[in-house]
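Peer 1: Fold the following and give me the result.
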Amino acid sequence: MLPKTIEELNRTRDECHGMVAQRAALSAGGTLVPVPGLDIAVDVGLLMELLPAINRRFGLAPEQIDGLDPRLKMMITRSLSISAARSLARP
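Peer 2: Next up, the predicted model:
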């Protein structure tokens, strides 16, 4: 379900923040086991699960975007591209 009001958006943001905090704790636990590369494998696994879940909560999963009006779809795609480019450009 897409957030339709600012209250729903804030609630979704807070829930996603909680998801990130939970995964961060799991990631930290993965570093406690002294196996080379295990921490990286844990992080990659957590991110591969977390990012699609967050995208889905905000209505940004690929199948959700595909069902949108073409003009709105283009606006979202451009916004995500600009946001990604800015994130990569930060030092």
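Peer 1: Tell me the helices and strands packed up against the helix or strand harbouring residue 87.
Peer 2: Counting by DSSP states H and E, the element that carries residue 87 is helix 70-89. If contacts are counted by 3 or more C-beta pairs under 8 Å, 6 or more residues apart in numbering; DSSP states H and E, helix 70-89 sits against helix 62-66. All C-beta spots, glycine's among them, are computed from the backbone N, C-alpha and C.
Peer 1: Give me the buried positions along the longest helix along the chain.
Peer 2: The longest helix of the chain (DSSP state H) is helix 6-30. Within helix 6-30, the residues that count as buried by 16 or more other C-beta atoms under 10 Å are 12, 16, 23, 27, 30.
Peer 1: so which strand or helix has the residue positioned nearest the centre of the chain?
Peer 2: Nearest to the mean C-alpha position of the chain, by C-alpha atoms, centre = their mean, lies residue 51 at 3.3 Å. Mapping residue 51 onto the secondary structure by DSSP H and E places it in helix 38-57.
Peer 1: Now do that helix, average pLDDT.
Peer 2: Averaging pLDDT along helix 38-57 gives 92.
Peer 1: Please report how far residue 79 lies from residue 57.
Peer 2: Using C-beta to C-beta, to the nearest Å, residue 79 is found at 17 Å from residue 57.
Peer 1: neighbour count winner among the two?
Peer 2: With neighbours defined as other C-beta atoms under 10 Å, residue 79 and residue 57 compare such that residue 57 has more, 17 against 11.
Peer 1: Isn't the more buried one up against residue 15?
Peer 2: Yes - if you go by C-beta atoms under 8 Å, residue 57 and residue 15 touch, sitting 6.9 Å apart.
Peer 1: which regions of the chain sit below the pLDDT cut-off?
Peer 2: The model of the chain has pLDDT under 70 over residues 1, 91.
Peer 1: Could you rerun that using 90?
Peer 2: 1-4, 29-39, 58-70, 72-91 (pLDDT under 90).
Peer 1: Most remote residue from the middle of it, which is it?
Peer 2: residue 34 (28.2 Å).
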